[in-house]
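1. Return atomic coordinates for the entry below.
(2 chains)
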Amino acid sequence: MKEFIEIDKDFKTEPYQINMGPQHPATHGVLNLLLTIDGEIIKKVEPDLGYIHRSIEKMCERDSYQQIVHLTDRMDYLSANINNEAVCLTVEKALQLEIPDRVKVIRTIIGELTRISSHCLWWGVMGMDVGALTTYFYGFRDREMLNDIFEETCGARLTMNYNVPGGLMYDIHPNFVGRVKKFIDHFKTKIPEYDRLLSENVIFQKRTKGVGILSKEDAISFGVSGPVGRASGYSCDVRKYHPYSAFDRVDFNEVLRTEGDTFARYQVRIQELWESLYVVEQLIDNIPEGEYRVKTNAVIKLPKGEFYQKVETARGELGVYIISTGTKNPYRLKFRSPGFSNLSALNHMAVGSKIGDLVAIMATLDLVIPDIDR
Amino acid sequence: MTSIINSSYFLILSTTAKESLSILEILLIALGYLTFFAVAGLFLVLLERRVAAWFQLRIGPNRVGYQGLLQTMADALKLVSKELTGTIKADKLLYNLAPYFVIITALMSLAVFPFSKQIQAFDINIGIFFLIAVSSIGVIGILLGGWASNNKFALIGAMRSGVQTISYELSVGLSLLTMILITGSLQLSEIVEVQRQGGWLILQGHIPAIIAFMVYMIAGTAETNRAPFDLVEAESELGAGFHTEYSGMKFAYFFLAEFINMFIIASIATTVFFGAWLSPFGITESIPWLGVFWFLAKAMVLVFLMMWFRWTFPRLRVDQLLTLEWKYLLPINLVNIVIMALIVWLNLTIKF
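-> Just a heads-up that it's a prediction; the model follows:
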């Protein structure tokens, strides 16, 4: 026995460090994870940020309120429209503008379509991260229809910049209602296909069930929000608790799971696709007539004070906090981005699991790196 | 060993077998096989891309040549012209040696297949054993490549490959052994002869043969390091795995070997389970060259099956990979051998 220990000393094993990123297929952008690994088992995950920091918050201090809106496209580019809406809502709140119903309904519809489009892309990438490459193209097929609708509505496919303080930049296209209805019919047949291809796959379920568990208490203490928080049983849907735009008049369920594992986070997002479709379905036939934009001053000056508004993006709670000194620029503008808080829980979830699990966990966090770095 | 080599004989493009050949003839035949090897590799790469495109609602490469037939040729030319880069602190000898291990073993396996009654380069009397032995050398190339690259991602990939190949080799060997119980010979031409008289082995051996075939296909897919067992490369986890640091033609060797290995796994299954060059309608005897067609057609169906796996299933995790082998496939295999032995002993095989 003594001999064995001496031999063990000579051939000792030790954890090693490895840089996952900033150029790595699984980090979906320029996120650098410094992993400490013991063989295949993860001991520590240290996210290293800043590779795509563009000082958006500082740039906002320079710009007028109309200009700020399009900077937000570049944060969480997958829910660009919801980001725009967040800034517009804050400015409108500060100005105490009365927004027409038509604008509220259109914003809600476009917001939910953005959420569907974001979740479609997430679903494709989720499959790709666990090794099923085909899902990516199925997700993109359905996302393409939405992008076409957006393009027809506002001329852009990804960074839409459709909202302006006081309403919308243009009225919706005459084809809009018809095309959205067509999409709803199409997509209702495609979500079951998603389930058949990935959700019901035995390997996928084995890979994700019981992996990367985040308890409700931990979720709250890490400030996690969105589908990640709801998968842990933390009811945190801003659309339910602080309804904005037209969410106070539509009926939908907040999707909750209690397991808190990777599969629960997956299921929450798939279920949210149905809920978002349901919201759009309720509103699409009842878009009220009226103005699509309230007249505002060419130079918007917010009253002196602090203003905060939060919305639910596809990733979670996005907060916009403006301090105004009464000039045409904000004195300070802070975004509370969902990705940043969600990423903070990664180390807690991934420690003790394998490298393959880490990739699956990261996929269900649905990180968009420009949203984290800003 | 010498007795084995002495007792083996060449059977090349000629039914009068045992005469020895001149060096020139041997070289010509080797050249023929090399050509086939290269063309088959390039064709399989294209096939994979087209099949993938078909699964993924895309069109795939169809511009270079008729239906993209020259696409992979163009890609290969590009790879030849690329600079061979490498890491500074790599173990130069092993780093350069690794691709050859992989490609040569793949080529060696190709020599023993009975493409038709006449076309078989090397009809060794321990054919199946030879195939298993040679194909297991390939993993040394992957281990060397991963280790000598001096890259942690490559090292993880190589270690995974070692674990995976050593485990799944057992299942490949045992499932083939199950079928050997019917034929009573390891020689590939003998195995075909048994099937010519009594029908394909998968039909002769019925239930245990079908189980053996399923186990073989799972383990064979794992042996070639393809999805859902592509942990060795696992691009979303390890970048490119063991060949991260390889470029140009050295990378192409690894890449081609993967596709040839897939063809080899399919060819072994064709020979052992589906009657090699035998036609399903029994007319091969009159038109000998038709045997090649039937062999390749059957192999292509199995290759397609493996591509189907790849573009449908997610990847397993490393511990699940080992659980699948040691807790499920291996016990099933062992029980299956006993069942097959009983069936052969009680003469319950189905003969046509």
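2. Span of stretch A:298-316 from start to end?
-> 32 Å (CA to CA, to the nearest Å).
3. Next, the buried residues of that stretch.
-> Residues of stretch A:298-316 classed as buried: A:300-302, A:307, A:309-316 (neighbour count, 16 or more other CB atoms under 10 Å in any protein chain shown). In this view, the C-beta of every residue, glycine as well, is placed from N, C-alpha and C.
4. and if you look at stretch A:30-44?
-> Quick answer for stretch A:30-44 (16+ other CB under 10 Å): A:30-33, A:35, A:37, A:40, A:42.
5. Restricted to strands, list the residues you listed.
-> Of the positions in these, A:32-33, A:35, A:37, A:42 sit in strands, assigned by DSSP state E.
6. returning to what we had before: tell me which of the buried residues of stretch A:298-316 fall in helices.
-> Among the buried residues of stretch A:298-316, none falls in helices (DSSP state H).
7. For the stretch 101-250 of chain A, just list every one of the strands.
-> Assigned by DSSP state E, counting those that start in this stretch, the strands in the stretch 101-250 of chain A fall at A:163-164, A:167-168.
8. Looking at the buried residues of stretch A:298-316, which one is closest to chain B?
-> Nearest to chain B among the buried residues of stretch A:298-316: A:R315, at 20.0 Å, using CB to the nearest CB.
9. contacting residues for that closest one?
-> A:76, A:79, A:118, A:226-227, A:338-339, A:342, A:366, A:368, A:371 (CB atoms under 8 Å, 6 or more residues apart in numbering or on different chains).
10. Over to A:I323?
-> A:I323 sits next to A:305-306, A:330-333 when contact means CB under 8 Å, 6+ apart.
11. quick check: domain ranges of chain B?
-> For chain B, automatic domain parsing gives the domain ranges B:20-81, B:85-345.
12. I'd like those domains as TSV, with distance to A:T114 appended.
-> TSV is the format used below for these (distance: least, CB to CB, whole Å):
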stretch	distance to A:T114
domain B:20-81	23
domain B:85-345	26
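13. right, and those domains - which one's nearest A:R54?
-> A:R54 lies closest, by CB to CB, to one member of the domains of chain B: domain B:85-345, at 26.5 Å.
14. So what would you say the end-to-end distance of the closest one is?
-> Note: domain B:85-345 ends 59 Å apart using CA to CA.
15. repeat for stretch A:61-68
-> 9 Å.
16. Just say helix, strand or coil for the residue in chain B that chain A sits nearest to.
-> Distances between chain B and chain A by CB to the nearest CB are smallest at B:R315, namely 2.7 Å. Using DSSP: H, G, I helix; E, B strand; the rest coil, the structure places B:R315 in coil.
17. Hmm, B:E235 and it touching each other?
-> No. B:R315 is beyond contact range of B:E235, at 9.6 Å (criterion: CB atoms under 8 Å).
18. Looking at these two, which has the bigger crowd around it?
-> B:R315 (29 against 17; other CB atoms under 10 Å in any protein chain shown).
19. Which residues are in contact with the closest residue to that one other than its chain neighbours?
-> The shortest distance from B:R315 to any non-neighbouring residue, by CB to CB, 6 or more residues apart in numbering or on different chains, is to A:G131 (2.7 Å). Residues in contact with A:G131 (CB under 8 Å, 6+ apart) are B:227-228, B:230, B:234, B:236, B:313-315.
20. In contact with the residue of chain B closest to chain A: list those residues for me.
-> By CB under 8 Å, 6+ apart, B:R315 lies in contact with A:130-132, A:203, A:207, A:356, B:227-231, B:234.
21. Now do it against A:R107, distance only.
-> Applying CB to CB, to the nearest Å, the value for B:R315 to A:R107 is 40 Å.
22. try B:G86
-> From B:G86 to A:R107 the distance is 55 Å (CB to CB).
23. quick one, which of these two is more surrounded?
-> The neighbour count for B:G86 versus A:R107, taken as other CB under 10 Å, is higher for A:R107 (25 against 17).
24. need the strands for the stretch 251-374 of chain A, in chain order.
-> A:305-312, A:317-324, A:332-336.
25. burial measure for B:L170, as a count.
-> Other residues near B:L170 come to 16 when the count uses other CB under 10 Å.
26. Make sure it is indeed in a helix.
-> Yes. B:L170: assigned to a helix according to three-state DSSP.
27. wait, doesn't it sit right on B:P331?
-> No. B:L170 lies out of contact with B:P331 (CB under 8 Å); the separation is 11.2 Å.
28. any idea which element B:A269 lies in?
-> According to DSSP states H and E, B:A269 maps onto helix B:248-273.
29. following that helix, which helix or strand comes up?
-> Downstream of helix B:248-273, the first helix or strand assigned by DSSP H and E is helix B:290-310.
30. buried ones in that next one?
-> For helix B:290-310, by 16+ other CB under 10 Å, it's B:291, B:294-296, B:298-300, B:302-303, B:306-307, B:309-310.
31. what do you get for stretch A:155-168?
-> Buried-residue list, stretch A:155-168, by 16+ other CB under 10 Å: A:156-157, A:159-168.
32. Repeat that for stretch A:348-356.
-> Within stretch A:348-356, the residues that count as buried by 16+ other CB under 10 Å are A:348-350, A:353-356.
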